[in-house]
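Student: coords please:
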Amino acid sequence: MLMATPVLAQAPQSGATATAPNNQSTTASTASMHKQGEWRASKLVGVNVYNNSNEKIGDINDLILDSSGRVANVVIGVGGFLGMGEHNVAVAFDQLKFSKVPVNTASNAGAGKTGSASSVTTGSASTSVNRNDNWYPDHVVLNADKDQLKKMPEFKY
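Tutor: All right, here's what the predicted structure looks like:
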């Protein structure tokens, strides 16, 4: 009679070296934890894009990476309804300002929030924040209007 016993896998200890699939050693603690100012790319898709006048001009549809893994361009969908008739444009990542604070509109202006702090990030530089990080910003600000974006060449996949 053959008895099977379970084999228990053990995760590397913090700071321990593991072997990656391409036989390069990596340090387990370097990429195992979320860091301040990092966002999940999957959560950035769908984030609303506003202009400096707090008018919604589109939303993020995709992120384009360069060969080193850095975000080179952000594809923004402008106009359309439910994805129909939308005009996709590529904007350089460093042209966007990421904000964790909700957009000021006529309906929420003056409704001060106690305990929250403003945080705006341009490209990769950020300021401090006092609220929990949801792995994505509340919205993005781009110094352009809808008409300017619609006149840009359409981004093709």
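Student: Excluding chain neighbours, what is closest to residue 89?
Tutor: residue 152 (4.4 Å; Cβ to Cβ, 6 or more residues apart in numbering). Bear in mind the C-beta positions are built from the backbone N, C-alpha and C, glycine included.
Student: Quick check: which ranges of this structure have low pLDDT?
Tutor: For the chain, the stretches with pLDDT under 70 are 1-31, 83, 105-134.
Student: Mind doing that once more with 90?
Tutor: Applying pLDDT under 90 to the chain flags residues 1-41, 79-85, 100-101, 103-137, 157.
Student: Could you pull out the strands in this structure for me?
Tutor: In the chain, the strands defined using DSSP state E lie at 17-19, 25-27, 48-50, 56-65, 71-78, 87-92, 96-99, 120-122, 139-142.
Student: need those in JSON lines with mean neighbour count, can you?
Tutor: Below are the strands of the chain laid out as JSON lines (neighbours: other Cβ atoms under 10 Å):
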{"stretch": "strand 17-19", "mean neighbour count": "11"}
{"stretch": "strand 25-27", "mean neighbour count": "12"}
{"stretch": "strand 48-50", "mean neighbour count": "18"}
{"stretch": "strand 56-65", "mean neighbour count": "18"}
{"stretch": "strand 71-78", "mean neighbour count": "20"}
{"stretch": "strand 87-92", "mean neighbour count": "18"}
{"stretch": "strand 96-99", "mean neighbour count": "20"}
{"stretch": "strand 120-122", "mean neighbour count": "16"}
{"stretch": "strand 139-142", "mean neighbour count": "21"}
